[in-house]
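K.L.:
Fold the following for me, if possible:
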Amino acid sequence: MKKYLRSCDEISADIAVAMKRKKMTLESCVGRFNSQYKADIQQGLKAAMNKDFLQRVRTASFKVVSARVIDLCKFLDVNPYISQKRERHFELEFAQVEQAVKQRPELEPKIKQLLHSITDIVAVHGA
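P.N.:
So this is what the prediction gives:
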């Protein structure tokens, strides 16, 4: 069965939540990842993590779900693939938000900030 990757925004939100849940800073996450995969990194099987890359992934400032992003997902116990049994509770609402952003692109930064705030609240209060 073919697996399909989730969107960059979805993965990013889950990575941010996972880091908060595990109480990881950029620095501690990078250190743990590089330590855990030291042998693979030395053999060239995995790319080393750095704070710049991690910050871009955590804030959805990336466009391609690369092998490096998938490695980070595995490390943080985040599923990068679309679940077959996925329920979409806010499908209509998100479609309306997408339409609003298409009509008024200047709203995109504010809406992204709002969505990140929602994931922060969920991370603090538990999912």
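K.L.:
mind checking the longest helix of this protein?
P.N.:
Across the chain, the longest stretch assigned as helix under DSSP state H is helix 108-125.
K.L.:
Which positions within it qualify as buried?
P.N.:
Along helix 108-125, these residues count as buried under the neighbour rule (16 or more other CB atoms under 10 Å): 115-116, 119, 123. Using the backbone N, CA and C atoms, a C-beta is placed for each residue, glycine as well.
K.L.:
cool, and stretch 94-104?
P.N.:
In terms of neighbour count (16+ other CB under 10 Å), stretch 94-104 has its buried residues at V97.
K.L.:
what is the mean pLDDT for the helix or strand where Q96 lies?
P.N.:
Taking DSSP states H and E as the definition, one finds Q96 inside helix 91-103. Helix 91-103 shows a mean pLDDT of 86.
K.L.:
Likewise for stretch 66-85?
P.N.:
Rounded to a whole number, the mean pLDDT of stretch 66-85 is 91.
K.L.:
just checking, what packs against the helix holding Q96?
P.N.:
Secondary-structure packing of helix 91-103 (3 or more CB pairs under 8 Å, 6 or more residues apart in numbering; DSSP states H and E): helix 108-125.
K.L.:
any idea of the mean pLDDT for the helix it packs on?
P.N.:
Per-residue confidence for helix 108-125 averages out to 85 on the pLDDT scale.
K.L.:
now it, how far from the chain's geometric center?
P.N.:
Distance of helix 108-125 from the chain centroid (CA atoms, centre = their mean, to the nearest Å) equals 13 Å.
K.L.:
Please apply the same query to stretch 2-9.
P.N.:
Between the centre of stretch 2-9 and the centre of its host chain there is 11 Å, according to CA atoms, centre = their mean.
K.L.:
do the same with stretch 99-111
P.N.:
How far stretch 99-111 lies from its chain's middle: 21 Å, per CA atoms, centre = their mean.
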